[in-house]
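Q: just the structure for this:
(chains A and B)
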Amino acid sequence: MAGLFFLLCSLGVLAQEGDARRGGYLSRAGGCVGCHTDTRKDAVPYAGGRALKTPFGTFYGPNITPHPIAGIGRWTQADFMRAMREGERPDGAHYFPAFPYPSFTRINDADLRDLWAYLGSLRPSAQPSRPHQLGILYRWRFLVFVWKWLFFSPGPFKPDPGKSVLVNRGAYLVQALGHCGECHTPRNWFGAPKKDRFLAGAKLGEGTSAPNLTPTRLKRYGDGELKDILQSGLFPDGDVMGDTMGEVVRNTTSQLTAEDLTAIIAYLRSLPPLPDAPK
Amino acid sequence: MKRSGVATVVALALGVAAGAVFAQAKPEQLVKQRQAVMTLQGKYFGPMAAMAQGKAPYNADIVRRNAAYLDNLSRMAWDGFDAGTKGVKSAALPAIYEQPDKFKEAQSRLENEAHKLYEVSRSGDEAAVKAQIGAVGKSCGGCHESFREKQ
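A: This is a model prediction of the structure:
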């Protein structure tokens, strides 16, 4: 009995402690640093401050370093897993879905533990988080409860048994960690993604947009070209992509292993080709 | 009287002729030209970016040449964004004309970064050159974000 217990432990099945190094990779795959770091040149990574403008107001990514007051140093691993999986603060209040937990809820338990271990390994920063500046109608967090009831389905990613391991890995990276749909899927009036237009491109306000990632548009590039684009931020003709995605390339896609990039491309190729949105 | 009349006619004719010579190109032509500038910027920037990212072996001679080309090219596209071209089909967004100050600022950013790259490429410090290539790329991307439709 005890032997079985130790065997399981050594296999990591019962291990509750995450692997911080692996968590660092997952954090890059999740692009956490983007919203949780100010845009100033000398900004401390993960100490918060980045503004996210939305039709509902401006959100500021909070400090997620392990500082006991300014950051999340007093959280438990369970608090973290609840935040990511359920979109709830340790005190039970609901997060606004500007924090992309509708995507992060798909991250599996093992990866969440690794992410938590990584965040715990960061240097604590005392930089206080900035309060969000929201439109008058959107300030009540309890309304988020209604939103979640309508649009949020928690639970980890379930691989599609009809698809290859590679495509499932890509789906996990795109849907869960990468949260690509947060920008590349258009939203309805309530700010919830339109499921039938998943990754078909969306307007982002101020004239900017995120393009269609279904085969309708991607078919013009070969696999090698797509890999180069995601690694370099550069199209085959030397054209440079817009800098919102440019930042995602720097923080995330250029940091991924070749296998993970291949998986992402295989998954995007497997999507139903959706037409571009009418202009 | 007669003579001055003739002089006026001649002057007018010359004026018209001069006007024709210096008349602005047709909007379609301006769009084509500015797109050509963008194409060439891509041609000369692409290989440098590949070197900065370690995807191609670093070659200081090519960087020096391309940086010099880019320094000049970075100043060539802008007069092509004449308000008269608004009606011509292109990826240019209306924001160019709605936020002219912001557009101007984005232009100067590219010009400054490209010029800095030209200067750094002469100094021969590979690390500094690579960092500056990244800065140029960022200034391209900044403009493509707000002022160009996604391709």
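
Q: got any ranges where the chain has weak pLDDT?
A: Just so you know, I chose chain A. When residues are selected by pLDDT under 70, those of chain A lie in A:1-15, A:279.

Q: can you look at chain B instead?
A: In chain B (pLDDT under 70), the answer is B:1-24.

Q: which residues of it lie near chain A?
A: B:38-39, B:41-47, B:49-50, B:53, B:55, B:93-95, B:137-138, B:140-142, B:144-151 (Cβ under 8 Å from any Cβ of the partner chain). Yep, even glycine has a C-beta here, placed from its N, CA and C like the rest.

Q: strands - which of those residues land there?
A: The strands, defined by DSSP state E, take in nothing from these.

Q: can you tell me which of those end up in helices?
A: B:38-39, B:41-47, B:49-50, B:95, B:137-138, B:140-142, B:144-147 (DSSP state H).

Q: show me which of those residues are buried.
A: Listed as buried from those are B:38, B:41-42, B:44-47, B:49-50, B:95, B:137-138, B:140-142, B:144-147; burial here means 16 or more other Cβ atoms under 10 Å in any protein chain shown.

Q: how far away is the most centrally placed residue in chain B from residue B:41?
A: The centre of chain B sits closest to residue B:77, judged by Cα atoms, centre = their mean, with a distance of 2.7 Å. Residue B:77 sits 8 Å away from residue B:41, taking Cβ to Cβ, to the nearest Å as the criterion.

Q: and residue B:94, by the same measure?
A: Distance from residue B:94 to residue B:41, by Cβ to Cβ: 22 Å.

Q: cool, and residue A:276?
A: Taking Cβ to Cβ, one finds residue A:276 at 26 Å from residue B:41.

Q: count of neighbours near residue A:135?
A: Neighbours of residue A:135 under the rule other Cβ atoms under 10 Å in any protein chain shown: 11.

Q: name the nearest residue to it, ignoring sequence neighbours.
A: Closest residue in space to residue A:135, ignoring its immediate chain neighbours: residue A:57 at 4.9 Å, by Cβ to Cβ, 6 or more residues apart in numbering or on different chains.

Q: my guess is that neighbour meets residue A:134, correct?
A: Yes: when contacts are counted by Cβ atoms under 8 Å, residue A:57 is listed as touching residue A:134 (3.3 Å).

Q: before we move on, back to that, find the nearest non-adjacent residue to the residue nearest to the centre of chain B, please.
A: Using Cβ to Cβ, 6+ apart, the nearest residue to residue B:77 is residue B:37, at 4.1 Å.

Q: ranges for the helices of the chain?
A: Answering for chain A, as no chain was given. Per DSSP H, chain A carries helices over the ranges A:2-11, A:20-30, A:32-35, A:77-86, A:101-104, A:109-120, A:142-151, A:165-172, A:181-184, A:215-218, A:223-232, A:243-251, A:258-270.

Q: ah, no, chain B please
A: B:2-22, B:27-52, B:60-73, B:95-98, B:100-123, B:126-147.

Q: most packed of these?
A: Ranked by mean neighbour count, the helices of chain B are led by helix B:126-147 with a mean of 20 (mean count of other Cβ atoms under 10 Å in any protein chain shown).

Q: report the distance from that one to the chain centre.
A: Helix B:126-147 sits 15 Å away from the centroid of its parent chain (Cα atoms, centre = their mean, to the nearest Å).

Q: what angle do helix B:100-123 and that helix make with each other?
A: 160 degrees (axes from the mean of the first three to the mean of the last three Cα atoms, to 10 degrees).

Q: which positions in chain A make contact with chain B?
A: Residues of chain A lying near chain B (Cβ under 8 Å from any Cβ): A:201, A:206-211, A:228, A:231-235, A:237-244, A:246, A:254.

Q: try 7 Å this time
A: A:206-209, A:211, A:232-234, A:237-244, A:246 (Cβ under 7 Å from any Cβ of the partner chain).

Q: drop anything exposed from these.
A: A:207-209, A:211, A:232-234, A:238-244, A:246.

Q: quick one: the residue nearest to residue A:200 when sequence neighbours are not counted from residue A:248, how far?
A: Leaving aside its chain neighbours, residue A:200 sits nearest to residue A:274 (3.9 Å; criterion: Cβ to Cβ, 6+ apart). For residue A:274, the distance to residue A:248 equals 21 Å [Cβ to Cβ].

Q: ok, now residue A:203?
A: For residue A:203, the distance to residue A:248 - Cβ to Cβ - is 18 Å.

Q: show me which of those two is the more surrounded one.
A: Higher neighbour count among residue A:203 and residue A:248: residue A:248, with 19 against 13, using other Cβ under 10 Å.

Q: how close does the residue in the stretch 101-250 of chain A positioned nearest to chain B get to residue B:49?
A: Per Cβ to the nearest Cβ, residue A:238 is where the stretch 101-250 of chain A lies closest to chain B, at 2.7 Å. Residue A:238 is 7 Å from residue B:49, where distance means Cβ to Cβ.

Q: and residue A:22, by the same measure?
A: Distance from residue A:22 to residue B:49, by Cβ to Cβ: 30 Å.

Q: ok, now residue A:147?
A: 42 Å.

Q: who's in contact with the residue nearest to residue A:19 when sequence neighbours are not counted?
A: Using Cβ to Cβ, 6+ apart and skipping residues adjacent in sequence, the residue nearest residue A:19 is residue A:114, 5.0 Å away. Taking Cβ atoms under 7 Å, 6 or more residues apart in numbering or on different chains, we find residue A:114 in contact with A:18, A:19, A:22, A:23, A:26.

Q: which of those are buried, as a PyMOL select command?
A: Burial among these is assessed by 16+ other Cβ under 10 Å; the matching PyMOL selection reads:
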select buried, chain A and resi 18+19+22+23+26
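
Q: closest to residue A:79 out of the contacts of residue A:114?
A: residue A:18 (14.2 Å; Cβ to Cβ).
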